[in-house]
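S.K.: Coordinates only, no sequence provided:
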């Protein structure tokens with residue numbers, strides 16, 4: 001791992017608990033939903049960081065991931081939940097769609 005880099009894949013506490021092709025609990029409504037694709041999983045992760053236990057993870061991200069490089073297995077240039085973590089860690093509070 002390069003200096004100043006934190007691994008954020010599913011094997012870590014930073015991993016996205018939402019996976020395309022699975023059924024999950026919606027972070028805001030608490031209802032069972034089908035995660036329809038990668039973009040949907042990333043959007044759900046963003047919502048997760050704004051609610052319930054996700055708020056604790058977001059607070060930890062602001063403390064532990066600020067100004068760090070994040071490493072995941074996603075292809076370089078593809079959207080990734082690490083993009084969400086970077087926005088949260090570095091103070092960008094844009095709302096998920």
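M.R.: That came in fine, so what should we check first? Please read all numbers here as calculations on a predicted model, not as lab measurements. Numbers count the residues shown, from 1 in each chain.

S.K.: Give the closest residue to the residue sitting nearest the centre point of the chain in space, chain neighbours not counted.
M.R.: Centroid-nearest residue in the chain: residue 81, 4.0 Å away (criterion: Cα atoms, centre = their mean). Spatially, and ignoring its direct neighbours in sequence, residue 81 is nearest to residue 16 (3.9 Å; Cβ to Cβ, 6 or more residues apart in numbering). The C-beta positions use only the backbone N, C-alpha and C, and glycine is treated the same way.

S.K.: quick one: contacts for residue 39?
M.R.: By Cβ atoms under 8 Å, 6 or more residues apart in numbering, the contact set of residue 39 is residue 79.

S.K.: Okay, helices next: where are they in this protein?
M.R.: For the chain, the helices defined by DSSP state H cover 38-48, 54-64, 81-89.

S.K.: Mind putting these into CSV with mean pLDDT and distance to residue 11?
M.R.: Below are the helices of the chain laid out as CSV (pLDDT from 0 to 100; distance: least, Cβ to Cβ, whole Å):
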stretch, mean pLDDT, distance to residue 11
helix 38-48, 97, 16
helix 54-64, 97, 15
helix 81-89, 96, 13
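
S.K.: of all those, which lies closest to residue 25?
M.R.: helix 38-48 (9.5 Å; Cβ to Cβ).

S.K.: before we move on, back to that, check the residue nearest to residue 81 and give its pLDDT.
M.R.: pLDDT recorded at residue 16 is 97.

S.K.: same deal with residue 91?
M.R.: For residue 91, the predicted pLDDT is 88.

S.K.: try residue 74
M.R.: Residue 74 is assigned a predicted lDDT (pLDDT) of 92.

S.K.: what residues are up against the spatially closest residue to it that is not a sequence neighbour?
M.R.: Nearest residue to residue 74 in three dimensions, chain neighbours excluded: residue 80, at 3.9 Å (Cβ to Cβ, 6+ apart). Going by Cβ under 8 Å, 6+ apart, residue 80 touches 42, 72, 74.

S.K.: I am finished for the moment; much appreciated.
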